[in-house]
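Participant: Predicted structure and sequence below. I'll ask about it afterward.
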Amino acid sequence: MQEPLLYINDVKNKIDNNRNIVFVYGNFNVLHAGHIRLLKFASENGDILVVGVNQDSQNTHIPIAQRFSMVSAVSFVDYVFAIDDLIKDVNLLMPNIIVMGSENEYKKNHQIEKYISKNNVRLIFSSGQSLLSSYEYLKKEFLNIQNNENFQVPKEFIDRKKINNDKLKDILSRFKQLKVCVLGDLIVDEYIICDPVGMSQEDPTIVITPNNHEMFIGGAGIVAAHAKNLGTNINFISVTGNDSSREYAIKKLEEYNMQYDLFLDKSRLTTLKQRFRAREKTLLRVNTFRDHHISKELTKNIIDKFQTLASDGLDLLVFSDFNYGLLNSELIEKIIDICESNKIMFVADSQSSSQVGDISKFKNAVLITPTEYEIRLALEDFDSGLVELARKMITKFKVKNIFITLGHDGVFIFTEEGLISSVGTDHIKAINNRPVDVSGAGDSMLILASLSLAAGANIWEASYLGSIASAIQVSRIGNKPLDINDLLKIIDS
């Protein structure tokens, strides 16, 4: 429950005026290490530390109730109140000392200076300045401001494959006609933004202070959210535990106005991935999960659900496999049988980052999007070149097209035609050469390329659109659904 706001009249009668009162005021958008140093410094200069929190304005980015609670939680702050009128409130408080951050030393605040001069109040400037302001933390990490200046359109590839912008726009416009199902592991991603305080004096441990956090739908959930936001008629099928992460996921899926079936498995946890970040770098990742296979009963229920969707008509199935136990061999085989019986296009990705996956499970897929490591793992081949790896995969497992994702080196494309001619292979360099957060890049490429194929694109158009989606995704922190307008901006560039 949110604690109620207090005002100067609420705290004035509780304060002993015979003791030295220190006053600090500000916005406190995000309580970062600079604020902590400032408040600690202020508390050491008197007997009682009172903090005033400014009302919501264009310079605040978090509601006052949350900012008030954050400041109240600091142990060496004695009293907190919401400022109504700064000068009137200070006149009632009658502090002996006012402390400001050193960044304010050369700024003019005539009202507070006049009060200080008139009442013989000491003004002290703290050295507790932080390298980044609260707003800069928010802007850098969570506002997801996309920098298109880092994008380099692969003109040679576009010319070589005779890709036409009007055709691309027509493909995107057809997404709203598609019926799509995404089947795979739901993940909840949490980003905890921290300030590095330093090294512990007791042992060689890095000390950080959490400032803010943000949660996102990840895994197969964001793949489905991408498809929904791009205009498709989407159904999402997954399994979760009975926990707060499930509740968060349901809330977000409802916000996305998505059709979904989250089958409950009380024997597992909803997979939660926490990333601790400082100064735009990830320091640590903590994964909370259970990866045992789902029961036979759950397997049957999911197959029955998919059979119903297939009977009603589907254009595309996306297997989004993070190897947390949902997509067992029986489930995959039965679902593929249903797709082939109903002439439903299906594509797949099986990730092997923290878990060990096997992309070869998805025989006859129209498209698979492994990393180089994942395809080597599936084929148990750590010596051959990319062309030979792709040849083996297509020959052995009858997939139609392969995108081998290469991180900052872009994507290598191999089609069935590549078995007989070099015309069936190509490469797209990474469009975004300065990624902010690479999480979700492969998911974005998979869904946009797959939707494009289902909407009538050829493999080269699909690979280019998938590369654009990946470039957009890595330009921002956390998983946010793709937007058609962002795609169009890059196409038009």
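Facilitator: In hand now; what should we look at?

Participant: So in terms of bridging, what pairs with the closest residue in space to residue 238 that isn't next to it in sequence?
Facilitator: Nearest non-adjacent residue to residue 238, counting by C-beta to C-beta, 6 or more residues apart in numbering: residue 186, 4.1 Å away. C-beta coordinates here come from the backbone N, C-alpha and C atoms, glycine included. The partner list for residue 186 in beta bridges (DSSP bridges) reads residue 219.

Participant: Can you show me the CA trace of the lengthiest helix in the chain as PDB?
Facilitator: If you go by DSSP state H, the chain has its longest helix at helix 296-312. The C-alpha trace of helix 296-312 is given here as PDB (Å, rounded to 0.1, in the frame of the first residue of the first chain):
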ATOM      1  CA  LYS A 296       1.800 -35.600 -20.700                       C
ATOM      2  CA  GLU A 297      -1.500 -34.100 -19.600                       C
ATOM      3  CA  LEU A 298      -0.300 -30.500 -20.300                       C
ATOM      4  CA  THR A 299       1.200 -31.700 -23.600                       C
ATOM      5  CA  LYS A 300      -2.100 -33.100 -24.700                       C
ATOM      6  CA  ASN A 301      -4.000 -30.000 -23.600                       C
ATOM      7  CA  ILE A 302      -1.700 -27.800 -25.700                       C
ATOM      8  CA  ILE A 303      -1.900 -30.100 -28.700                       C
ATOM      9  CA  ASP A 304      -5.800 -30.000 -28.500                       C
ATOM     10  CA  LYS A 305      -5.700 -26.200 -28.200                       C
ATOM     11  CA  PHE A 306      -3.500 -25.900 -31.300                       C
ATOM     12  CA  GLN A 307      -5.700 -28.400 -33.200                       C
ATOM     13  CA  THR A 308      -8.600 -26.100 -32.600                       C
ATOM     14  CA  LEU A 309      -6.700 -23.000 -33.900                       C
ATOM     15  CA  ALA A 310      -5.600 -24.900 -36.900                       C
ATOM     16  CA  SER A 311      -9.100 -26.100 -37.700                       C
ATOM     17  CA  ASP A 312     -10.300 -22.500 -37.600                       C
END
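
Participant: The residue nearest to residue 238 contacts residue 250, correct?
Facilitator: No: if you go by C-beta atoms under 8 Å, residue 186 and residue 250 don't touch, sitting 10.2 Å apart.

Participant: Of these two, which one has the most company?
Facilitator: The neighbour count for residue 186 versus residue 250, taken as other C-beta atoms under 10 Å, is higher for residue 186 (30 against 13).

Participant: tell me the contacts of the more buried one?
Facilitator: Listed by C-beta atoms under 8 Å, 6 or more residues apart in numbering, the contact set of residue 186 reads 217, 218, 219, 220, 221, 238, 239, 240, 249, 262, 270, 271.

Participant: Tabulate those (a markdown table), appending distance to residue 288.
Facilitator: Shown next, in a markdown table, are the contacts of residue 186 (distance: C-beta to C-beta, whole Å):
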| residue | distance to residue 288 |
| --- | --- |
| 217 | 16 |
| 218 | 13 |
| 219 | 13 |
| 220 | 17 |
| 221 | 16 |
| 238 | 16 |
| 239 | 15 |
| 240 | 13 |
| 249 | 14 |
| 262 | 17 |
| 270 | 9 |
| 271 | 7 |
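
Participant: Most neighbours of all the residues you listed, which one?
Facilitator: residue 221 (30 neighbours).

Participant: which outside residues touch the one helix or strand it maps to?
Facilitator: Following DSSP states H and E, one finds residue 221 within helix 220-229. Identification of contacts with helix 220-229 by C-beta under 8 Å, 6+ apart yields 180, 182-188, 216-217, 234, 236, 238, 249, 252-253, 256-258, 260, 318, 320, 322, 440, 443-444, 446-448, 451, 469, 479, 481-483.

Participant: Following the chain onward from it, which element is next?
Facilitator: Taking DSSP H and E, what comes next after helix 220-229 is strand 233-240.

Participant: that older thread, which of the contacts of helix 220-229 are buried?
Facilitator: 180, 182-188, 216-217, 234, 236, 238, 249, 252-253, 256, 258, 260, 318, 320, 322, 440, 443-444, 446-448, 451, 469, 479, 481-482 (16 or more other C-beta atoms under 10 Å).

Participant: Rebuild the contacts of residue 186 as JSON lines, extending it with distance to residue 162 and pLDDT.
Facilitator: Shown next, in JSON lines, are these (distance: C-beta to C-beta, whole Å; pLDDT from 0 to 100):
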{"residue": "217", "distance to residue 162": "37", "pLDDT": "94"}
{"residue": "218", "distance to residue 162": "36", "pLDDT": "93"}
{"residue": "219", "distance to residue 162": "36", "pLDDT": "94"}
{"residue": "220", "distance to residue 162": "34", "pLDDT": "96"}
{"residue": "221", "distance to residue 162": "36", "pLDDT": "96"}
{"residue": "238", "distance to residue 162": "39", "pLDDT": "98"}
{"residue": "239", "distance to residue 162": "44", "pLDDT": "97"}
{"residue": "240", "distance to residue 162": "45", "pLDDT": "97"}
{"residue": "249", "distance to residue 162": "42", "pLDDT": "96"}
{"residue": "262", "distance to residue 162": "43", "pLDDT": "97"}
{"residue": "270", "distance to residue 162": "46", "pLDDT": "96"}
{"residue": "271", "distance to residue 162": "42", "pLDDT": "95"}
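
Participant: Out of those, which comes closest to residue 371?
Facilitator: Distance to residue 371, by C-beta to C-beta, is smallest for residue 219 among these, at 16.1 Å.

Participant: looking at it, that closest one is touching residue 322, isn't it?
Facilitator: Yes: between residue 219 and residue 322 there is a contact under C-beta under 8 Å: 5.2 Å.

Participant: buried set for stretch 194-209?
Facilitator: 194, 195, 208, 209.

Participant: Quick check: mean pLDDT of that stretch?
Facilitator: In this model, stretch 194-209 has an average pLDDT of 74.

Participant: send the alpha carbons of it over as CSV?
Facilitator: What follows is stretch 194-209, C-alpha atoms only, in CSV (Å, rounded to 0.1, in the frame of the first residue of the first chain):
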residue,chain,number,x,y,z
CYS,A,194,22.3,0.6,-10.6
ASP,A,195,25.0,3.1,-9.8
PRO,A,196,28.4,1.7,-9.1
VAL,A,197,29.4,2.8,-5.6
GLY,A,198,32.9,1.3,-5.6
MET,A,199,34.8,-1.7,-4.2
SER,A,200,34.1,-3.1,-0.8
GLN,A,201,36.9,-2.5,1.8
GLU,A,202,36.3,-5.9,3.5
ASP,A,203,36.7,-8.1,0.4
PRO,A,204,37.1,-7.6,-3.4
THR,A,205,33.4,-7.2,-4.1
ILE,A,206,31.8,-4.6,-6.4
VAL,A,207,29.2,-2.5,-4.6
ILE,A,208,26.2,-1.1,-6.5
THR,A,209,23.1,0.9,-5.5
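
Participant: And it, how far out from the chain middle?
Facilitator: 25 Å (C-alpha atoms, centre = their mean, to the nearest Å).

Participant: which residues touch that stretch?
Facilitator: 32-34, 36, 130, 132, 210-211, 276-279, 283.
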